[in-house]
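Asks: Prediction below, plus the sequence it came from.
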Amino acid sequence: MTKKIKLKISQRLTKKKTRRNGHGAKHCRFCGSDEQKSFLDYKNSSYLRAFLTERGKILPARISGCCARHQRAIGTEIKKSRTMALMPFTAQYF
């Protein structure tokens with residue numbers, strides 16, 4: 001009988017495998033729930049502030065986890081809120 005040779009898996013490949021299988025897909029928090037859709041309003045500036053960076057930029061969809069439709073809605077509501085002076089344009093006033 002021949003002895004089976006165990007091959008060493010490199011550290012890079014093990015990280016790659018865990019990255020691929022480690023996280024599930026992000027789900028949009030607005031799809032399917034009517035309660036969350038009611039929070040998406042330009043007057044609710046404290047809720048919309050969660051979708052901004054510390055510099056005042058709008059978070060991209062890949063980070064916020066929203067679908068394209070709701071990401072556009074978030075952007076327009078933040079822009080409305082900035083126009084109405086409920087939210088600042090810059091990070092100086094955060």
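Replies: Everything's here; your move.

Asks: Low-confidence regions, the chain specifically.
Replies: Scanning the chain for pLDDT under 70 picks out 1-2, 4-26, 93-94.

Asks: how about the helices in it?
Replies: Assignment of helices within the chain using DSSP state H yields the ranges 11-22, 34-39, 45-48, 61-64, 68-83.

Asks: now those as TSV including mean neighbour count and distance to Q92?
Replies: Just so you know, the C-beta spots here come from the backbone N, C-alpha and C atoms, and that holds for glycine as well. Output for those, formatted as TSV (neighbours: other Cβ atoms under 10 Å; distance: least, Cβ to Cβ, whole Å):
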stretch	mean neighbour count	distance to Q92
helix 11-22	9	37
helix 34-39	11	26
helix 45-48	15	16
helix 61-64	13	23
helix 68-83	16	14
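
Asks: Make CSV from the ones you listed and add distance to E54 to it.
Replies: CSV is the format used below for the helices of the chain (distance: least, Cβ to Cβ, whole Å):
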stretch, distance to E54
helix 11-22, 27
helix 34-39, 21
helix 45-48, 15
helix 61-64, 13
helix 68-83, 15
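
Asks: among the ones you listed, which is nearest K3?
Replies: For the helices of the chain, proximity to K3 was assessed by Cβ to Cβ; helix 11-22 is nearest, at 23.6 Å.

Asks: In space, not sequence, find me the middle residue of this structure.
Replies: S64 (1.3 Å; Cα atoms, centre = their mean).

Asks: check contacts around that residue.
Replies: Contact analysis of S64 by Cβ atoms under 8 Å, 6 or more residues apart in numbering lists 51, 71, 74.
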